[in-house]
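In: mind folding the following:
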Amino acid sequence: MPILPAVGWVCQDCIETISDKRRTVDNEIKTLNAAVHKLELGYNALQQRIDKVESGTSSSQSVAPASISRVVCDTVKDQLRRKKNVIISGLPESNDGSDADALRSLCEQYLGYKPWFDETKCKRIGSAGSNPRRLLVTLATAQAAEELLYAARKNLKKADPTSLVSTIYFNPDLSPEDAKQAYLRRQERRRRNNSQQPAGGSIPLNPQAQSFPTASG
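Out: I've put the predicted structure just below:
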């Protein structure tokens with residue numbers, strides 16, 4: 001029997017938690033669909049190459065299936081590897097302590113979460129400049145990475161907008177193609193939001209958002 005009709009009340013935190021989890025599942029499905037689409041494109045391209053080869057060339061027929069298998073294997077490995085990664089933007093760089101210690105302190109103080117990760121798998125990516133380089137962190141499992149992302153989504157939005165932590169963002173490690181699709185979805189959401197704003201209104205955007213973030217670890 002459904003709980004809500006029986007008790008007549010569900011706490012707001014529970015509703016928000018369920019909503020966040022549902023959005024996470026939806027995003028995972030979109031990621032998997034994009035990966036499948038990428039595999040289909042790769043397969044079709046290889047199939048076209050096979051069709052151009054004379055049917056009597058046995059060497060080409062033996063190489064093509066191996067190429068398809070290699071593309072599929074590499075794509076799946078890349079997806080699984082990236083799911084363990086989290087990219088943090090806006091975390092200040094300092095010579096006084098390690099990035100790992102700074103990240104742990106941030107998580108414990110503002111996220112109410114204590115992640116476990118190997119310090120050797122916590123590194124800065126990109127070129128040094130006026131803004132802090134992004135921090136790529138590899139956790140033990142994909143679930144641990146998802147838990148960290150969930151804690152950040154839930155708690156950082158409550159941070160004081162005038163504080164330094166309000167400019168720190170946690171994001172998944174997306175492949176170039178997935179990052180492009182995510183960028184296009186953000187653009188579409190902003191377009192819809194802007195069209196719904198009254199004259200003179202504005203939508204605050206994430207200043208740390210990357211159009212096409214590419215990272216590997």
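In: the nearest residue to residue 123 once chain neighbours are set aside and residue 19, how far apart?
Out: Once its chain neighbours are removed from consideration, residue 123 has its nearest residue in residue 136; the separation is 5.6 Å (C-beta to C-beta, 6 or more residues apart in numbering). All C-beta atoms are positioned from the backbone trio N, CA, C, and that covers glycine. For residue 136, the distance to residue 19 under the criterion C-beta to C-beta, to the nearest Å works out to 28 Å.
In: these two: which has the busier surroundings?
Out: When neighbours are counted by other C-beta atoms under 10 Å, residue 136 and residue 19 differ, and residue 136 comes out ahead with 20 against 10.
In: other SSEs contacting the helix or strand containing residue 26?
Out: If you go by DSSP states H and E, residue 26 is part of helix 12-52. Helix 12-52 makes packing contacts with helix 58-83, helix 142-156, helix 176-196 when contacts are defined by 3 or more C-beta pairs under 8 Å, 6 or more residues apart in numbering; DSSP states H and E.
In: could you check the angle it makes with helix 176-196?
Out: For the pair helix 12-52 and helix 176-196, the angle between their directions (axes from the mean of the first three to the mean of the last three C-alpha atoms, to 10 degrees) equals 130 degrees.
In: and helix 12-52, average pLDDT?
Out: For helix 12-52, the mean pLDDT works out to 74.
In: and it, how far from the chain's centre?
Out: Taking C-alpha atoms, centre = their mean, to the nearest Å, one finds helix 12-52 lying 12 Å from the centre of the chain it belongs to.
In: quick one on the thing from earlier: can you tell me which of the helices and strands packed on helix 12-52 has the worst average pLDDT?
Out: Looking at these, the lowest mean pLDDT belongs to helix 58-83 (a mean of 74).
In: so in this protein, which strand runs the longest?
Out: Assignment by DSSP state E gives strand 117-125 as the longest strand of the chain.
In: list the helices and strands the following helix or strand past that one packs on?
Out: On the C-terminal side of strand 117-125, the nearest following helix or strand under DSSP H and E is strand 134-139. With contacts defined as 3+ C-beta pairs under 8 Å, 6+ apart, the packing partners of strand 134-139 are strand 85-89, helix 99-106, strand 117-125.
In: quick one: buried residues of the second one?
Out: By neighbour count, and taking 16 or more other C-beta atoms under 10 Å as the criterion, the buried residues in helix 99-106 are 99, 100, 102, 103, 104, 106.
In: quick check, central residue of this protein?
Out: Most central in the chain under C-alpha atoms, centre = their mean is residue 172, positioned 2.1 Å from the mean C-alpha point.
In: just the pLDDT for that residue.
Out: We note a pLDDT of 93 for residue 172 in this prediction.
In: one more: the one 3 residues further on?
Out: According to the prediction, residue 175 has pLDDT 86.
In: one more: residue 93?
Out: As summarised for this prediction, residue 93 has a pLDDT of 91.
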